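In: my questions concern the predicted model and sequence given below.
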Amino acid sequence: MSHPAGRLRAILLTLATGSLIAGVATLPPTVQAAVHHTPPGAAAATPSTGTRPFKPGSYWNTKLGNAPLDAHSSAWINDAEAHSGTHLTLVLGAWGMPVYRSSASDPLVQISSGGHTVRFHIPAGARPMAANDAALTVIDPTTNQVVGLFGAHVSGGKWSVSGLSRYRYSSKGIAGGLPGGIKANFGHRGIPASVPAVTLAEIRRGRIRHRLEIYWHETASRTPEGASAYFPMTGSESGKTGVVPEGAVIRIKPGLNLDALRLSPAAKVIARALQKYGAVVGDNAGSGNSLKLQGNANWSGVLNKDSLKSIPWSDFVFVKGGFRP
């Protein structure tokens, strides 16, 4: 699908103020969170600056370059062809991931879940996805945090959640307990909330400068080497019988000429990111392999679920498991 450049620019200029980058995958409900409003004047964490979370040389923000291929790459691509149609689909609508960028003027809330307590700013109008997972992402540079909420509900300005993740904006974005990780980073088995969803702001800028997350139809419970998952993940979803392990990175072949394909300008932005940075297999889709788009954005005339249909699975490869550029 192609779009006249002028029309695309006009559409993209409607980007809602406050939205920025990527969302998170969702978790099944676990515990009910205690939600408190922080008293006025409470101290905030040291602010962080920059247009994207995490250090420039972090795992998430470093290009793959000439990364080695995994020995199982062909078999894993065959798995995609057998269970996910002809191409990678994009997720919009109810299952799209809402992404908000907050500021110091937004309400400051404190949420506790699973033994963790996080205090951050969240826009008054923020809402979780309409689908059952009820997830959303809040990027709050003023408190140096990237926060993911799961099973979220808000009523009268008070939030409750069933799951929570938090990664320091100025860190390397790696979970505590892993090489390069810090204790303050936790949640969603190592996937920060700023990774999974492509945002309209990134499409408007014309580039995505970080690794993404791909939802696989069904993942494996362990890697071929016997680990629960590859770095940068801390584990995998249990009870799954697929063949592709969580933490594996898929990319478009580095030598593929994207300009020769029938891609809209917006689709080409995503394709370039998949070629340069790749996407981590981080969660189960249940049906087909997919990439999420920002939920609180209007994608009409910009992208649709089949915008990457001109890139067949045969144009993808898997990077060697655990590779760190």
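Out: Ah, there it is.

In: contacts, neighbours, all on C-alpha from now
Out: OK.

In: in the stretch 1-150 of the chain, which spans are helices?
Out: 5-12, 73-83 (DSSP state H, counting those that start in this stretch).

In: what's the least confident stretch among the ones you listed?
Out: Note on these: helix 5-12 shows the lowest mean pLDDT, a mean of 40.

In: the residue lying closest to Arg209 once chain neighbours are set aside: what's it in contact with?
Out: In this structure, Arg209 finds its nearest non-sequential neighbour in Asn61, 6.3 Å apart by C-alpha to C-alpha, 6 or more residues apart in numbering. Asn61 makes contact with 54-55, 209-211, 277 under the criterion C-alpha atoms under 8 Å, 6 or more residues apart in numbering.

In: for Asp315, give me its contacts.
Out: 252-253, 256.

In: again but with Gly173, I slipped
Out: Counted by C-alpha under 8 Å, 6+ apart, Gly173 has contacts 53-55, 58-60, 167, 181, 185, 192.

In: measure Gly57 to Gly180 for me?
Out: To Gly180, Gly57 is 12 Å away according to C-alpha to C-alpha, to the nearest Å.

In: neighbour count: the two, which is higher?
Out: Gly180 (14 against 11; other C-alpha atoms under 10 Å).

In: ok so that one is a helix residue?
Out: No. If the criterion is DSSP: H, G, I helix; E, B strand; the rest coil, then Gly180 is coil and not within a helix.

In: give me the pLDDT for it.
Out: pLDDT at Gly180 comes out at 95.

In: so which bits of stretch 245-259 are buried?
Out: Using 16 or more other C-alpha atoms under 10 Å as the test for burial, stretch 245-259 gives 245-254, 258.

In: how far away from the center of its chain is it?
Out: When distances are taken as C-alpha atoms, centre = their mean, to the nearest Å, stretch 245-259 is centred 16 Å away from the chain's centroid.

In: just the residues contacting that stretch, thanks.
Out: Counting by C-alpha under 8 Å, 6+ apart, 65-66, 219-224, 228-233, 235-236, 268, 271-272, 274-283, 315-322 sit against stretch 245-259.

In: output that stretch as PDB, nothing but the C-alphas.
Out: Output in PDB follows, covering the C-alpha atoms of stretch 245-259 (Å, rounded to 0.1, in the frame of the first residue of the first chain):
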ATOM      1  CA  PRO A 245      12.700 -19.600  22.400                       C
ATOM      2  CA  GLU A 246      12.000 -16.200  24.100                       C
ATOM      3  CA  GLY A 247      14.800 -13.800  23.800                       C
ATOM      4  CA  ALA A 248      15.600 -14.900  20.200                       C
ATOM      5  CA  VAL A 249      16.100 -12.000  17.800                       C
ATOM      6  CA  ILE A 250      14.600 -12.000  14.300                       C
ATOM      7  CA  ARG A 251      15.600  -9.400  11.700                       C
ATOM      8  CA  ILE A 252      15.100  -8.600   8.000                       C
ATOM      9  CA  LYS A 253      18.100  -9.800   6.100                       C
ATOM     10  CA  PRO A 254      20.700  -7.000   6.200                       C
ATOM     11  CA  GLY A 255      21.400  -7.300   2.400                       C
ATOM     12  CA  LEU A 256      17.700  -6.900   1.400                       C
ATOM     13  CA  ASN A 257      17.100  -3.800  -0.600                       C
ATOM     14  CA  LEU A 258      14.000  -2.300   1.100                       C
ATOM     15  CA  ASP A 259      13.700   0.500  -1.500                       C
END
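
In: where does pLDDT dip in this protein?
Out: Within the chain, the stretches with pLDDT under 70 are 1-50.

In: any idea which residue sits dead centre in it?
Out: Pro196 (1.1 Å; C-alpha atoms, centre = their mean).
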